[in-house]
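J.: generate coordinates for the sequence data below:
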Amino acid sequence: MARKQSAASHGFAEQLYLEHHSWLCSWLRNRVSCASHAEDLAQDTFMGILLSPQLLTIREPRPFLATVARRLVANFYRRKKIEEHYLQALAELPEEAIPSPEVRQQAIEMLEQLDRALDGLPPHVREAFLLAHLQGMRYSDIAERLRVSTSSVKQYLQRANLHCFFALSA
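T.: Numbering: from 1, shown residues only. This next block holds a predicted model:
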């Protein structure tokens, strides 16, 4: 039974790819304005779908592909924004303080992980974390800005720090 389902999945996946790959690449090029990025995102879209246990339940391939691809495009722009901000910060450093390309890549990957972890937090908690850790603001200043008590800021930061610790260590 598992073999028949595997063969059916393989055949369906191949058909899906052959019939919709060029359409998806074109659809993505309109959103990312770069053919090579569109190709990469199309491959990522198909890989995500091909590994999905719901592959055989897809009835409307193009809307399904577009939904998966939209999420990947959002992540693509999010990563791009993180990388741009990081590179801007590096540009302000003296040349001798600029890290190697390997360290820069590791830092960008860590920032992306942190961004994903923070995305799961309520807005006030996320903002308190960013204000404290990126801007070095004191609890009292954060409390004033968020219009909450300093004890709330302390709770927000404890929650955010724990959340990020567990998210990054997973």
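J.: which one is D115 nearest to, not counting chain neighbours?
T.: I82 (5.9 Å; C-beta to C-beta, 6 or more residues apart in numbering). Just so you know, the C-beta spots here come from the backbone N, C-alpha and C atoms, and that holds for glycine as well.
J.: find the centremost residue of the chain, please.
T.: By C-alpha atoms, centre = their mean, the chain has its centre lying nearest to N75, at 4.0 Å.
J.: name the element that residue belongs to?
T.: N75 belongs to helix 61-91 when elements are defined using DSSP states H and E.
J.: would you map the strands across the chain?
T.: Taking DSSP state E, the chain contains no strands at all.
J.: quick one: low-confidence ranges for it?
T.: Low-confidence segments of the chain (pLDDT under 70): 1-7, 170.
J.: please repeat the previous calculation with a cut-off of 50.
T.: Within the chain, the ranges that satisfy pLDDT under 50 run 1-3.
J.: how does it divide into domains?
T.: Following automatic domain parsing, the chain resolves into domains at 1-82, 99-170.
J.: mind putting those in CSV, distance to E92 included?
T.: Output for the domains of the chain, formatted as CSV (distance: least, C-beta to C-beta, whole Å):
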stretch, distance to E92
domain 1-82, 17
domain 99-170, 13
